[in-house]
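Participant: The following block contains a protein sequence and its predicted model.
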Amino acid sequence: MSCEFAVIYRWRLKPGLESQFVAAWERATRAIRTERGGLGSRLHRLEDGSWLAYAQWPSREVWERAGAAPAANPEASALMREAIAESEPPLLLDPVADLLLPVTATGQEPRPT
């Protein structure tokens with residue numbers, strides 16, 4: 001079983017700045033993964049027009065250290081902030097069970113064993 005620490009982020013974006021936000025989120029997420037130890041994230045647009053990102057971390061401690069450090073990509077972080085109209089507090093998730101199938105780096109799901 002692989003249970004990492006996870007965080008859910010939620011936003012409402014300023015109309016017309018969605019593409020800017022997505023591009024900046026991608027740059028920031030790549031930098032966080034490379035420089036701060038994050039395991040990656042998925043960005044979702046919800047049916048009500050709000051946005052949600054689910055990010056995984058090796059542990060809460062790694063996430064806390066990353067949050068205390070300067071932005072991994074300051075320019076991307078600034079572009080994200082500029083596009084956000086409203087932000088909700090993050091939801092911190094301590095998984096207790098994990099039944100998701102892992103996806104390889106090529107995007108191919110492994111065959112169940």
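Facilitator: The structure has been received and is ready for your questions.
Participant: Just the element for residue 22, please.
Facilitator: helix 18-35 (DSSP states H and E).
Participant: The helix or strand following that helix packs against which elements?
Facilitator: Counting by DSSP H and E, the next helix or strand C-terminal to helix 18-35 is strand 40-45. Secondary-structure packing of strand 40-45 (3 or more C-beta pairs under 8 Å, 6 or more residues apart in numbering; DSSP states H and E): helix 18-35, strand 51-57. From N, CA and C alone the C-beta is placed, and that goes for glycine too.
Participant: ok, and what's touching strand 40-45?
Facilitator: Here strand 40-45 makes contact (C-beta atoms under 8 Å, 6 or more residues apart in numbering) with 22, 25, 26, 29, 32, 33, 51, 52, 53, 54, 55, 56.
Participant: just those residues now: which is nearest residue 85?
Facilitator: Checking those against residue 85 with C-beta to C-beta, the nearest one is residue 51 at 10.4 Å.
Participant: for the nearest residue to the closest one once chain neighbours are set aside, what are its contacts?
Facilitator: With C-beta to C-beta, 6 or more residues apart in numbering as the criterion, residue 51 has its nearest non-adjacent residue at 4.8 Å, and that residue is residue 11. By C-beta under 8 Å, 6+ apart, the contact set of residue 11 is 21, 50, 51, 52, 84, 85, 86, 87, 88.
Participant: again, only this time at 6 Å
Facilitator: Listed by C-beta atoms under 6 Å, 6 or more residues apart in numbering, the contact partners of residue 11 are 51, 84, 87.
Participant: hang on, the last one is in a strand, isn't it?
Facilitator: What that stands for is residue 87. Yes. Read with DSSP: H, G, I helix; E, B strand; the rest coil, residue 87 is one of the residues of a strand.
Participant: That one and residue 67, how far apart?
Facilitator: For residue 87, the distance to residue 67 equals 14 Å [C-beta to C-beta, to the nearest Å].
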